[in-house]
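J.: sequence and computational prediction follow.
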Amino acid sequence: MQISVLGTGAIGSAFAEAFLKAGHQVTVYNRSADKVARLVALGATHVATPAAAMTAGGVVLVAVTDGKALKAVLDGIPAAALSGAKILNASTTRVVEIAEIAADLAGKGADLAEVSVNVGPDQIREGQGMYLLGASETDTGLWTGLLTGIGSVVHRAGEVGDASRAELPLLMSYLFGLVAAAHVAAVVARDRTPDDILATYVYPALPAAQYAVPQMMARAYADASASVDAFRALADNAVADFAAMGYPTDVLEAMAAMFARASAAGFGGKDGSAVFESLLVAQAPAPLEG
């Protein structure tokens, strides 16, 4: 199958590699041409515009940062290029955003589906993806077949927007787990908590800490499975979603502020575990190496 991938950050690149490994023909687009060089070396075709990727044939996967970026990319494509397109959104979007974008695309003759990605880039590359799909019944077979070819689990949550609803509890666990791990790491850094205490008592209670705390202590943020800025967008979306549901958002706003501080300190493109730096800003930590 011919597949176009718009956006070749950590997730988009992983999808492109997985599709190539599965034997598909892959066309890629990114605003920064240097970010597609590795994919081209693996056999992908690079095009200069989103419209060219959209009209390359087959289906299109879009993996950009958030709903605003998704809308900007799609709004920049002529309606003629969108007509008849089958598009799968892998960007982080709110339920309201994805529903509005889907309605706009439908008016231009395109069909939008959404996928929630519940693993990191390495698992996607290795065909171990776990996906929640939101798609019309008409397109479910198309997207389920494509994702099954590069994943271990594909679960249809319902129509467009339903995958975003279904993933919200998962996103809460990611956010709270990572922020909690940062606070654990801060205490460990101060008190030098023995490893056996962490392994016996802390890690069973907070599994995310088992991986995140050593990474935070080593300040090893270079390999970003999901960046600080991606988590910041996730936290901002969570604030908006919970406010829309009538829930208090104080805690979520505080977490969003933590990611914002880490981003302002220069760690926006680093792995989300660099949120730990937001707790160290007042201590003027040493410059990050690498």
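T.: That came in fine, so what should we check first?
J.: wait, Met258 sits on Val179?
T.: Yes: using CB atoms under 8 Å, Met258 makes contact with Val179 at a distance of 6.3 Å. Where you see a C-beta, it was placed from the backbone N, CA and C, and this is true even at glycine.
J.: overlap in contacts, the two.
T.: Here Met258 and Val179 share the contacting residues Val275, scored by CB atoms under 8 Å, 6 or more residues apart in numbering.
J.: the nearest residue to Leu171 once chain neighbours are set aside - how many residues pack around it?
T.: Nearest residue to Leu171, sequence neighbours excluded (CB to CB, 6 or more residues apart in numbering): Leu234, at 5.8 Å. Around Leu234 there are 22 other residues, counting by other CB atoms under 10 Å.
J.: next up, the contacts around Leu234.
T.: Leu234 neighbours (CB under 8 Å, 6+ apart): Thr92, Leu171, Tyr174, Leu175.
J.: give me the low-pLDDT residue ranges for the stretch 101-250 of the chain?
T.: When residues are selected by pLDDT under 70, those of the stretch 101-250 of the chain lie in 223-225.
J.: quick one: the helices in it?
T.: Here the stretch 101-250 of the chain has its helices, by DSSP state H, counting those that start in this stretch, at 121-125, 137-148, 162-191, 195-197, 203-205, 207-218, 228-244, 250-262.
J.: also compute the angle for the third one relative to helix 228-244, please.
T.: With axes from the mean of the first three to the mean of the last three CA atoms, to 10 degrees defining the directions, helix 162-191 sits at 120 degrees from helix 228-244.
J.: please shift the residue numbers so they start at 715 in all later answers.
T.: I'll keep to 715 as the first residue from here, and by that count the last item is helix 876-905.
J.: okay, buried residues for helix 876-905 please.
T.: Neighbour counts using 16 or more other CB atoms under 10 Å place 876-882, 885, 888-889, 892-896, 898-900, 902-903 of helix 876-905 among the buried residues.
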